[in-house]
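Undergrad: no sequence on this one, just coordinates:
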């Protein structure tokens, strides 16, 4: 009986020793590697924010501002009532026809004067032109006529004004007209007149005439 107990006790001791050795020899598990990133499927929407568009590098368009020069009081172009101040046509039913207009300081007072070439309606042929000069210093509300040019040449030259040019105190007038042998409806002269302001009045300083081969169209 004693012998069995000893044997059992020895077996139990061996078992305890064996378990202790087994616990110490159990290897510690190696740390697991980090999990590989899971790639998103191709169809998944992108989660990254779209890059902001780069600011435009082109220079802004600069629109130049034009500064108008102040218009002198009474200067042509101030809305003056020049056309209404023209002389009426002599015959009943005739209407005034404005042909050309020019501005320039013809009187030398520092303010632009106004020159208006005008005619009248005609049933046949054409009506001769005259040129009326208005004083710019007097203003455009009540225009002041200071001269009428070409009126003395109407019966002979029958001028039809084509252009006016004011420069300094000189007004240059170009016109078509009639020679002594021309028919009334067939202007055959190219005329150039010059008028100069002096001593309070306009004086014709030159008249040049060139004969054309054909009739000149009056416009």
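TA: Good, I have the coordinates. Predicted model only: the values in this text are computed from it and were never measured.
Undergrad: State the next helix or strand along the chain beyond the helix-or-strand element of the chain with minimal mean pLDDT.
TA: For the chain, using mean pLDDT, DSSP states H and E, the weakest element among its helices and strands is helix 2-25, scoring a mean of 38. Toward the C-terminal end, the helix or strand that comes next after helix 2-25 (DSSP states H and E) is strand 96-104.
Undergrad: Give me the residues contacting the helix or strand residue 166 falls within.
TA: Following DSSP H and E, the helix or strand that holds residue 166 is strand 160-167. Identification of contacts with strand 160-167 by CB atoms under 8 Å, 6 or more residues apart in numbering yields 99-106, 113, 115, 117, 119, 126, 128-129, 131, 150, 171-177, 187, 218-219. C-beta coordinates here come from the backbone N, C-alpha and C atoms, glycine included.
Undergrad: tilt between the helix or strand just after it and strand 160-167?
TA: Next in sequence after strand 160-167, counting helices and strands by DSSP H and E, comes strand 170-177. For strand 170-177 against strand 160-167, the angle by axes from the mean of the first three to the mean of the last three CA atoms, to 10 degrees is 170 degrees.
Undergrad: Direction included, what does strand 170-177 pair against?
TA: strand 160-167 (antiparallel), strand 189-198 (antiparallel) (DSSP bridges).
Undergrad: Just put those in TSV and tack on mean neighbour count and mean pLDDT.
TA: Below are the strands paired with strand 170-177 laid out as TSV (neighbours: other CB atoms under 10 Å; pLDDT from 0 to 100):
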stretch	mean neighbour count	mean pLDDT
strand 160-167	18	96
strand 189-198	18	97
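Undergrad: Tell me where the model's unsure across the protein.
TA: 1-79 (pLDDT under 70).
Undergrad: Could you tell me the end-to-end distance of stretch 154-162?
TA: 15 Å (CA to CA, to the nearest Å).
Undergrad: please begin residue numbering at 324 from this point
TA: Will do, 324 is the new start, and the previous item becomes stretch 477-485.
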